[in-house]
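# Pasted the sequence and its predicted model underneath.
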Amino acid sequence: MDNNYLLILAVLVGCLATTVPVFMALFFTGMIGLVYTVGIDPQIVVEVLYRSMDKFALIVVMFFVLCGNIMTTGSIVEKLIKTANVLVGFLPGGLAMAGVLACGFFGAISGSTVATVVAIGGFMIPALIENKYDEKFSVGLMTTAPILGVIIPPSISMILYAMVSNDQLEALFLTGFIPGLLIMVAMSFYAYFYCKKKGMTKQPRPTLHEAYQVIRESIWALMLPVIIFGGIYSGLFTANEAAVVACFYAFFVEICIHKDMKLKDVKKVIVGSAVTSATLLVIVAGASVFGEYLTFEQIPGKIASLVVQNISSPWVFLLSVNILLLFIGMFMDIISATLILTPIFLPLLSKFGIDSMHFGLLMTINLGIGYCTPPLGVSLYISGATVDRDILYVSKAVIPFILIQIAILMVLTYWPDLVLLLPRLIYGYQ
């Protein structure tokens, strides 16, 4: 390996191993690579930073962040959980299954795993424990189920992947529905049999009138994902416009219908969303500088050549990538990893005949699982704080659920037709 490459690798690993923020680590490493090893004018870096921010797709991310914050401030989340509970709460493990279903509902609006853990996990973990569910089971389930936030569309990581790969965003979104449903069903079955074996008491079955009342009360909240996806796939508006429509609808419902958000709360919600969006944007900026260095040095092409020389089977390649991404997910957040790794892997896909949208879904699931794996899995820390437990306790609690998700990941890895079924049916994607 070239000495310059070793220097850049050492700087990047050294920064990430210390308390240097990820965006600064990527920026400094890319800056050193471009100015010191490539020898370009530092002013070019400024242009790279500007270009990285001048992307229309980032508007979608910011508005879905805002929409998620509106829901957590108001009562939409509570109503989604009530609806999920009335649908499955009377079954063995019904409250746990309701938590998984609620993560699916919330993920279909927010696009973020962290937001789902905070909103649904923060509510459901204490509720499960209060209803005599095993604490470790409750923590494990509600730490891992929020992965649905990045799998079920709209997904912030999918938006960023499409931005780099130039895949059609609406079609890429469709790849997440079936995998998300599979994960919901698998985790719900586990909860059902686990709680039945433990002899958990069931909640009384709601009458038709009670179920009707809950759904009627929640209808405005339930219409939000219908408006988002109905508008996108009917052609009424684009994914970009859907994010804006979702925000206005959520504001209207919370302020005028539910009346659980006051006008004075609007400023707090907008400022909080701006801070979250700014955090994301600086990561995009830092990753773009590092990505520019990779492009100048033609590193993606060199890695592609090296991999092709040593791996001839697409099956082996996909297995190797899954292992690599699961490992990377332990140490790097999904946004940074998507922006850095996508340009590296894209040249390899055509060599092995792998569809880029299929690969985008696999990358999303792999890195999404990283939210629940030590040492840097954010979801572990959020759930641990909810029950005042350390990361070791939470890490043990999530093991059975992570194994379920990895098993589904392997099915999706070697069954691309299942992943691409909806894009082919709706868009005629080949």
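Nice, I can see it.

# CA atoms for contacts and neighbours, from now on please.
Will do.

# mind listing the strands for the stretch 151-300 of the chain?
For the stretch 151-300 of the chain, strands defined by DSSP state E, counting those that start in this stretch do not occur.

# What about residue 297, how many residues nearby?
16 (other Cα atoms under 10 Å).

# With residue 252 instead?
14.

# Show me the shaky parts of the protein.
Applying pLDDT under 70 to the chain picks out residues 1-2, 16, 57, 201, 300-301, 304, 308, 376, 429-430.

# Next, find the distance separating the residue nearest the centre of it from residue 377.
With distances taken as Cα atoms, centre = their mean, residue 150 lies nearest the centre of the chain, 2.3 Å away. To residue 377, residue 150 is 15 Å away according to Cα to Cα, to the nearest Å.

# Equivalent analysis for residue 418, please.
Distance from residue 418 to residue 377, by Cα to Cα: 29 Å.

# now swap in residue 247 and tell me
Per Cα to Cα, residue 247 is found 29 Å from residue 377.

# same deal with residue 21?
Distance from residue 21 to residue 377, by Cα to Cα: 15 Å.

# Look at the two and report which has more neighbours.
More crowded of residue 21 and residue 377, by other Cα under 10 Å: residue 377, with 21 against 13.

# how many neighbours does residue 279 have?
Residue 279, neighbours per other Cα under 10 Å, totals 12.

# what about the closest residue in space to residue 206 that isn't next to it in sequence, which helix or strand?
In this structure, residue 206 finds its nearest non-sequential neighbour in residue 86, 6.7 Å apart by Cα to Cα, 6 or more residues apart in numbering. Using DSSP states H and E, residue 86 sits in helix 76-88.

# by contact count, what packs against that helix?
helix 94-110, helix 208-234 (3 or more Cα pairs under 8 Å, 6 or more residues apart in numbering; DSSP states H and E).

# now with 10 Å?
On a contact count with 3 or more Cα pairs under 10 Å, 6 or more residues apart in numbering; DSSP states H and E, helix 76-88 meets helix 57-73, helix 94-110, helix 122-130, helix 208-234.

# quick one: which of those is nearest residue 332?
helix 57-73 (19.3 Å; Cα to Cα).

# packing partners for that closest one?
With contacts taken as 3+ Cα pairs under 10 Å, 6+ apart, helix 57-73 sits against helix 76-88, helix 94-110, helix 113-116, helix 156-165, helix 239-252, helix 263-296.

# can we see that at 6 Å?
The contact analysis (3 or more Cα pairs under 6 Å, 6 or more residues apart in numbering; DSSP states H and E) places helix 57-73 against helix 239-252.

# Quick check: buried residues in the helix it packs on?
Using 16 or more other Cα atoms under 10 Å as the test for burial, helix 239-252 gives 239-247, 249-251.

# Measure how far the direction of it deviates from that of helix 208-234, in degrees.
150 degrees (axes from the mean of the first three to the mean of the last three Cα atoms, to 10 degrees).

# starting at the chain centroid, how far to helix 239-252?
Relative to its chain's centre, helix 239-252 lies at 19 Å (Cα atoms, centre = their mean, to the nearest Å).

# what's near enough to touch the residue nearest to the centre of the chain?
Counting by Cα atoms under 6 Å, 6 or more residues apart in numbering, residue 150 touches 111-113.

# got these as a markdown table, with neighbour count and distance to residue 120 columns?
As requested, the contacts of residue 150 are exported to a markdown table (neighbours: other Cα atoms under 10 Å; distance: Cα to Cα, whole Å):
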| residue | neighbour count | distance to residue 120 |
| --- | --- | --- |
| 111 | 28 | 13 |
| 112 | 28 | 12 |
| 113 | 30 | 10 |
